[in-house]
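Trainee: I would like the atomic coordinates for the input below:
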Amino acid sequence: MSLDREDKDKIGKILVAFYGSSAARINVNDKVYIEIVKMLQATQLCTNVMHFVPRPILAGNPIKWLEKSIRKSVLKFLTTKENEYYLTCLKVVALTRKTKVHLASQGL
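Mentor: Down below sits the predicted model:
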């Protein structure tokens, strides 16, 4: 696979979104592209799990609240767009894969 200039620019923007302006210096190649795909897949998995985390209880009957929270979580999971992610998931995945992205940019 060979990335054209437009693809490299898009991947560069994704890297900057994940790692900040210093990521603009990363050499974008096929291996970096593969790492970005893996990052997005991991972020999607994390986001799917986060949909089921109960929200804070406000007041009232805890059992009814839990039932309602689970119901809302399931509905949110079923209706959420695939390209929306939890910021926490993005940050954790970016941090855990940072070294791999830098190695990939060096062709390693």
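
Trainee: I'd like to know how far E6 sits from Y19.
Mentor: From E6 over to Y19 the distance is 21 Å, taken as CB to CB, to the nearest Å. Placement of C-beta: from N, CA and C, glycine included.

Trainee: of the two, who's got more company?
Mentor: Applying other CB atoms under 10 Å to E6 and Y19 shows that Y19 carries more neighbours, namely 17 against 8.

Trainee: got the contact list for the more buried one?
Mentor: Shown in contact with Y19 (CB atoms under 8 Å, 6 or more residues apart in numbering): I26, A94, K98, V101.

Trainee: The second one against L40, yeah?
Mentor: No - taking CB atoms under 8 Å as the definition, A94 is not a contact partner of L40, at 10.6 Å.

Trainee: Find the nearest non-adjacent residue to V101, please.
Mentor: In space, and not counting its chain neighbours, V101 is closest to E35: 4.8 Å by CB to CB, 6 or more residues apart in numbering.

Trainee: per-residue confidence averaged over stretch 49-68?
Mentor: Throughout stretch 49-68, pLDDT has a mean value of 68.

Trainee: Low-confidence ranges, this structure, go.
Mentor: 1, 54-63, 65-85 (pLDDT under 70).

Trainee: by contact count, what packs against the strand or helix carrying H102?
Mentor: Following DSSP states H and E, the helix or strand that holds H102 is helix 87-105. Under the contact criterion of 3 or more CB pairs under 8 Å, 6 or more residues apart in numbering; DSSP states H and E, helix 87-105 touches helix 5-19, helix 30-50.

Trainee: still on that earlier bit, spatially, which two of the contacts of Y19 are the most separated?
Mentor: Within the contacts of Y19, I26 and A94 form the most distant pair, 12.5 Å apart (CB to CB).

Trainee: Isn't V92 up against C46?
Mentor: Yes - using CB under 8 Å, V92 is in contact with C46, at 6.8 Å.

Trainee: if I look at the most centrally placed residue in the chain, how far off is K98?
Mentor: In the chain, the centroid-proximal residue (CA atoms, centre = their mean) is T43; its distance is 3.0 Å. Relative to K98, T43 is positioned 14 Å away (CB to CB).

Trainee: ok, now L15?
Mentor: Distance of L15 to K98, given as CB to CB: 10 Å.

Trainee: Great, nothing more from me.
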